[in-house]
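**Student:** this is the structure alone, sequence omitted:
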């Protein structure tokens with residue numbers, strides 16, 4: 001799985017970086033899990049994993065490339081204030097989802 005950032009903008013009002021990305025996933029054959037994409041983006045953006053939230057990831061039909069959007073916040077408090085609950089729940093690690 002190769003993640004490539006296609007665009008990045010800083011939003012000073014919401015104190016976050018808004019990122020568009022592409023994921024090439026020829027090895028996995030399917031759309032990669034959101035948590036794996038989140039970890040890759042955190043390392044590319046050189047930020048903490050808890051500050052990155054993947055908004056969407058979708059694979060176009062017939063291609064092994066997914067496109068998506070993510071937000072990287074300046075602080076955890078700001079992320080909890082701005083991100084909707086359903087997006088935060090989707091970005092949890094897989095084992096934490098099963099426990100709830």
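**Tutor:** Received the coordinates, thanks. A quick note: this is a predicted structure, and the numbers were derived from the prediction, not measured.
**Student:** gap between stretch 5-19 and the chain center?
**Tutor:** Relative to its chain's centre, stretch 5-19 lies at 13 Å (C-alpha atoms, centre = their mean, to the nearest Å).
**Student:** using the three-state scheme, assign the residue nearest to residue 48 when sequence neighbours are not counted.
**Tutor:** The shortest distance from residue 48 to any non-neighbouring residue, by C-beta to C-beta, 6 or more residues apart in numbering, is to residue 42 (6.7 Å). To be clear about C-beta, it is placed using only N, CA and C from the backbone, and glycine gets the same treatment. When classified by DSSP: H, G, I helix; E, B strand; the rest coil, residue 42 comes out as helix.
**Student:** what about residue 42, how many residues close to it?
**Tutor:** Per other C-beta atoms under 10 Å, the neighbour tally for residue 42 reads 17.
**Student:** and it, how far from residue 64?
**Tutor:** Residue 42 is 23 Å from residue 64, where distance means C-beta to C-beta, to the nearest Å.
**Student:** all helices of the chain, in order?
**Tutor:** 34-45, 76-82, 85-90, 94-99 (DSSP state H).
**Student:** point out the most buried one among these.
**Tutor:** helix 34-45 (a mean of 18; mean count of other C-beta atoms under 10 Å).
**Student:** what helices or strands is it leaning on?
**Tutor:** Using 3 or more C-beta pairs under 8 Å, 6 or more residues apart in numbering; DSSP states H and E, the elements in contact with helix 34-45 are strand 2-11, strand 16-24, strand 52-59, strand 65-73.
**Student:** list the buried ones in the last one?
**Tutor:** By neighbour count with 16 or more other C-beta atoms under 10 Å, strand 65-73 contains the buried residues 66, 68, 70, 71, 72, 73.
**Student:** fine, thanks again, bye for now.
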